[in-house]
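In: any chance you can model this:
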Amino acid sequence: MATLAPDITLTPAAAARVAWIAARQNKPAMLRLSVEGGGCSGFQYKFGLADAEEPGDTIAELDGVKLLVDDISFDLVRGCAVDFVDNLGGAHFTVENPNAASGCGCGTSFSV
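Out: Okay, here's the model as predicted:
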């Protein structure tokens with residue numbers, strides 16, 4: 001069963017970008033955030049559109065857009081905010097993770 005969580009958030013910029021991408025791909029406005037081993041700091045974030053909620057997902061919702069996090073990844077991102085940044089460095093989703101002890105220069109991997 002999915003759990004609505006106040007301890008992960010999706011910023012308005014991220015929600016708008018997910019809605020934009022999902023509309024163009026004719027998919028539900030659901031972004032899945034997961035954490036995998038690897039990257040230059042030990043763990044790396046993985047983003048992708050989801051077709052449906054999975055059992056055990058933790059969900060944050062803003063403006064009809066859902067952020068889904070599996071139960072294994074959730075312990076590593078509890079308290080995080082997912083944002084979308086579009087600047088000279090490029091357009092990408094970012095994770096502001098209070099659990100990360102350090103991160104890499106590219107912002108896609110972290111250690112705890």
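
In: could you list the low-confidence segments of this protein?
Out: 1-6, 38-41, 100-112 (pLDDT under 70).

In: show me which helix runs longest in it.
Out: helix 12-24 (DSSP state H).

In: show me what the helix or strand following that helix is packed up against.
Out: Helices and strands here follow DSSP states H and E; after helix 12-24, the next one along the chain is strand 30-38. On a contact count with 3 or more CB pairs under 8 Å, 6 or more residues apart in numbering; DSSP states H and E, strand 30-38 meets helix 12-24, strand 42-49, strand 65-69, helix 71-77. Every residue, glycine included, has its C-beta placed from N, CA and C.

In: can you tell me what sits against the host helix or strand of Phe93?
Out: Secondary structure assignment for Phe93, by DSSP H and E: strand 90-96. Identification of contacts with strand 90-96 by CB atoms under 8 Å, 6 or more residues apart in numbering yields 14, 17, 31, 33, 45, 47, 77, 80-85, 107.

In: could these go into CSV alongside neighbour count and distance to Ile8?
Out: Shown next, in CSV, are those (neighbours: other CB atoms under 10 Å; distance: CB to CB, whole Å):
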residue, neighbour count, distance to Ile8
Ala14, 24, 11
Arg17, 21, 17
Leu31, 26, 11
Leu33, 24, 8
Tyr45, 22, 13
Phe47, 16, 14
Val77, 26, 6
Cys80, 24, 6
Ala81, 17, 8
Val82, 26, 8
Asp83, 18, 12
Phe84, 20, 15
Val85, 15, 18
Gly107, 14, 18
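
In: quick revisit: how about the helices and strands packed on strand 30-38, which one is nearest Pro55?
Out: helix 71-77 (8.7 Å; CB to CB).
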